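Visitor: What shape does this take:
(one chain, ligands or ions: 1)
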Amino acid sequence: MGNPLANDLETLRQAVERNARPGRFAQAFHLVPPVGWLNDPNGLCCFDGAYHAFFQYSPFNSEGGVKMWGHSVSDDLMGWEYLGTALYPDQPFDVSGVYSGCAYVEDGVMHVFYTGNVKREDADGYDYVNSGREANTVHVVSTDGMTFGNKHLVMTNGDYPQDDTNHVRDPKVWRSADGYRMVQGARREDDRGEVLVFGSSDLDSWELVNRVSTEYPFGYMWECPDYFELADARRTGAGATVKVLSVSPQGLEGQDWDRRNVYQSGYFVLQGDIVGACRLHPFALWDAGFDFYAPQTFESDDGRRILIGWMGMPDTDEYVNKTVEDGWQHCFTIPREVTAANGRVLQRPVRELDARHANERHGEDALSADGTRCFDLLVDEFPPSLDFAYVRIAEDLVLTWGSGTFEMRFLDEGKDSVGAGRTCRYEHLDGLRNMRVVGDVSSIEVFLNDGELTFSTRYYPESYGVRVDAPGASVTLWDVEA
Ligand code: FRU
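Guide: Numbers count the residues shown, from 1 in each chain. Below is the predicted model:
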């Protein structure tokens with residue numbers, strides 16, 4: 001282990017984890033923290049035959065605190081084994097938190113890049129936006145996927161554009177035909193969000209090669225950027241590659257944004273070249289539910305693009321999480337395979353979920369089952385004329401399709417209810433062809449039209465049950481074995 005500060009943090013972390021009692025809302029196949037607070041997925045990768053997921057972790061307080069990187073591994077993306085903390089805030093350049101970042105694997109070496117966050121109260125008139133904050137880009141290497149070597153500072157605020165504020169963070173690295181690339185999220189001085197693109201030939205010296213943003217104002221900060229390309233299954237030639245720039249924008253207001261979450265996560269299809277001239281198509285939400293933010297993707301060894309989001313929402317007091325009473329808060333989404341077809345980006349639960357199916361039940365038009373805490377529900381083959389479908393979960397959470405609108409609604413809007421203060425989210429859709437709902441003790445994830453749009457939420461039922469009413473549709477329900 002590292003220095004005396006890291007050693008003491010390690011001892012304290014182990015002590016709080018020993019006393020952890022996650023309680024009745026701990027999920028069976030979603031990644032949860034052993035204790036305390038979890039936010040963004042970090043460093044997602046395949047390494048040495050296993051899936052590695054790191055997470056923003058504050059073990060000492062379920063309402064958040066200084067961030068470190070928790071670490072879990074999995075063989076099948078469905079069962080996660082917690083290994084401990086991989087990176088502590090133990091250096092002058094990351095002392096206020098080991099913030100979000102990525103893992104890039106090459107030749108059996110895991111290269112981690114993250115933001116070393118420093119809040120300085122000594123700066124004159126600091127506001128942590130234009131002064132009083134450092135955003136350090138740090139590179140650290142592991143050869144066993146468990147332990148990390150010395151941290152190297154590769155960029156500081158002086159290396160970012162001078163008209164950016166102190167808010168530059170969340171590096172994501174990949175290799176292109178022309179060398180290594182990195183994107184970081186940034187807030188400009190004029191309160192516009194943007195993505196900075198850097199290039200490198202050795203992973204240590206980085207140079208700014210582009211700045212990408214919308215032609216119109218679109219929020220003041222873009223967090224957790226990611227960039228990847230998908231092969232469109234239905235197209236050849238020019239439209240065959242879909243370039244996806246994923247960001248989590250803060251500060252969207254007016255129009256439809258006011259009825260949605262305080263912050264958003266979504267993607268722009270990018271036309272052109274991310275290191276040259278490019279244009280961003282309209283923003284599309286990854287998820288329109290209550291609990292989804294800061295997703296990250298990685299490519300699995302078998303070539304799938306897999307996305308995992310944080311199933312939570314920062315800076316929200318309208319609704320709460322009942323797990324706080326049990327000393328922990330938040331989880332990851334189920335890992336989702338991201339594909340493209342006909343220019344549309346689709347998300348569906350990883351196929352490993354199917355291997356956990358048990359106790360299949362089937363109904364035409366309707367189905368009802370009590371007591372299932374972990375389930376996978378498929379409502380398929382909607383007749384094109386169908387303008388009504390209704391799924392009721394744990395009596396209180398209602399999913400309805402009608403008049404071109406899909407809605408997720410908690411009937412009881414009180415903080416002491418199943419939704420713990422969550423109310424209603426909805427989006428307009430051209431039509432509904434199918435709906436898949438994955439439930440895991442205290443989370444619900446809804447995938448519409450083969451994953452064109454999703455809705456994720458936490459929920460806290462006293463008793464469990466699923467009722468479906470979808471005239472003309474075919475309904476299948478499986479238990480999911482943990
Ligand atoms: C997104 C975020 C990141 C940051 C991290 C800190 O939720 O704010 O931008 O690196 O969380 O925990």
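
Visitor: List the contacts of residue 376.
Guide: Contacts for residue 376 (CB atoms under 8 Å, 6 or more residues apart in numbering) come out as 349, 353, 357, 436, 437, 438, 439, 477, 478, 480. Using the backbone N, CA and C atoms, a C-beta is placed for each residue, glycine as well.

Visitor: Show me which pair in those is furthest apart.
Guide: Spanning the widest gap among those are 349 and 477, at 14.7 Å by CB to CB.

Visitor: how close does the residue nearest the centre of the chain sit to residue 38?
Guide: Nearest to the mean C-alpha position of the chain, counting by CA atoms, centre = their mean, stands residue 309 at 1.6 Å. Distance, residue 309 to residue 38, using CB to CB, to the nearest Å: 12 Å.

Visitor: quick one: common contacting residues for those two?
Guide: Taking CB under 8 Å, 6+ apart as the contact rule, residue 309 and residue 38 both touch residue 332.

Visitor: Just give the closest residue to residue 64, not the sequence neighbours.
Guide: Excluding the flanking residues, the one nearest residue 64 by CB to CB, 6 or more residues apart in numbering is residue 37, at 4.7 Å.

Visitor: That neighbour sits in which helix or strand?
Guide: Assessed by DSSP states H and E, residue 37 sits inside strand 36-47.

Visitor: what's the average pLDDT for that strand?
Guide: Averaging pLDDT along strand 36-47 yields 98.

Visitor: what pairs with it, and is each one parallel or antiparallel?
Guide: strand 50-58 (antiparallel), strand 328-329 (parallel) (DSSP bridges).

Visitor: With mean neighbour count, mean pLDDT and distance to residue 404 added, can I get these in CSV?
Guide: Formatted as CSV, the strands paired with strand 36-47 follow (neighbours: other CB atoms under 10 Å; pLDDT from 0 to 100; distance: least, CB to CB, whole Å):
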stretch, mean neighbour count, mean pLDDT, distance to residue 404
strand 50-58, 24, 98, 37
strand 328-329, 24, 98, 36
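
Visitor: looking at these, which is closest to the ligand?
Guide: Minimum separation from the ligand across the strands paired with strand 36-47 (CB to the nearest ligand atom) falls at strand 50-58, 4.2 Å.

Visitor: can you give me the strands in the stretch 101-250 of the chain?
Guide: 109-119, 133-142, 152-155, 164-176, 179-188, 193-200, 207-212, 221-231, 241-250 (DSSP state E, counting those that start in this stretch).

Visitor: Turn those into a markdown table, columns for distance to the ligand.
Guide: Output for the strands of the stretch 101-250 of the chain, formatted as a markdown table (distance: least, CB to the nearest ligand atom, whole Å):
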| stretch | distance to the ligand |
| --- | --- |
| strand 109-119 | 5 |
| strand 133-142 | 9 |
| strand 152-155 | 15 |
| strand 164-176 | 5 |
| strand 179-188 | 6 |
| strand 193-200 | 11 |
| strand 207-212 | 17 |
| strand 221-231 | 4 |
| strand 241-250 | 6 |
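
Visitor: Same list, the ones you listed, but as a markdown table with distance to residue 7 and mean neighbour count please.
Guide: Below are those laid out as a markdown table (distance: least, CB to CB, whole Å; neighbours: other CB atoms under 10 Å):
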| stretch | distance to residue 7 | mean neighbour count |
| --- | --- | --- |
| strand 109-119 | 19 | 22 |
| strand 133-142 | 17 | 22 |
| strand 152-155 | 21 | 18 |
| strand 164-176 | 27 | 22 |
| strand 179-188 | 31 | 23 |
| strand 193-200 | 33 | 22 |
| strand 207-212 | 37 | 16 |
| strand 221-231 | 30 | 22 |
| strand 241-250 | 34 | 22 |
